[in-house]
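S.K.: quick one, structure for this:
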Amino acid sequence: MSFSKDVISLYDRDFLLWTEQQSEFLKKGYWEKLDIENLVEELETLGRSEQKELGSYLQVLLMHLLKCQYQPEKRTKSWGNTIANCRDKIQDCLEDTPSLKRFLEDSEWVQKYYRRARRDAAKETEKPMENFPLEMPFAIAQILDSSFLI
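M.R.: Okay, the predicted model is just below:
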């Protein structure tokens with residue numbers, strides 16, 4: 001059995017051990033032993049994961065901002081805490097991975113998460129979707145501003 005088949009099967013059998021092995025190969029400069037195909041796949045997945053994490057926090061933040069704006073009479077401390085926590089998490093994402101900022105500057109990307117937040121806000125408030133703007137009513141600076149809608 002060739003080495004590359006062993007590495008691939010290790011990747012399929014024990015991911016943690018595979019990552020440790022690949023890390024060791026990188027540290028020692030054993031370039032010919034690296035499982036390039038799976039390393040590339042994992043790196044690409046990691047980037048998508050960071051992007052999805054940011055989107056998830058953005059969606060929850062937008063939903064709560066919508067609820068605060070369109071159902072202020074039901075506003076709770078919990079909503080405020082969720083808004084603050086999502087802002088903190090988004091800030092953490094941007095500090096850890098500054099290149100994620102470009103997604104917040106991409107109106108189509110932001111609108112995708114706004115559509116989901118709009119849907120979720122309608123469900124939670126039991127108000128018709130038509131009560132919420134079709135296009136996001138907030139600027140990114142507002143969304144991230146710790147004093148906005150708290």
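
S.K.: mind checking the SS state of the nearest residue in space to L65 that is not next to it in sequence?
M.R.: In space, L65 comes closest to L149 once its chain neighbours are excluded; the distance is 5.4 Å by CB to CB, 6 or more residues apart in numbering. In this view, the C-beta of every residue, glycine as well, is placed from N, C-alpha and C. Secondary structure, DSSP: H, G, I helix; E, B strand; the rest coil: L149 is coil.

S.K.: go through the host helix or strand of E50 and flag the buried ones.
M.R.: If you go by DSSP states H and E, E50 is part of helix 36-70. Neighbour-count burial for helix 36-70, with 16 or more other CB atoms under 10 Å as criterion, is recorded at 38-39, 50-51, 53-68, 70.

S.K.: distance between it and the chain's centre?
M.R.: Using CA atoms, centre = their mean, to the nearest Å, the mean C-alpha position of helix 36-70 is found 2 Å from that of the whole chain.

S.K.: quick check: next helix or strand after it?
M.R.: helix 77-96.

S.K.: any buried residues in that next one, and which?
M.R.: W79, T82, I83, C86, R87, K89, I90, C93, L94.

S.K.: looking at this protein, which helix or strand is least sure?
M.R.: helix 3-13 (a mean of 66; mean pLDDT, DSSP states H and E).
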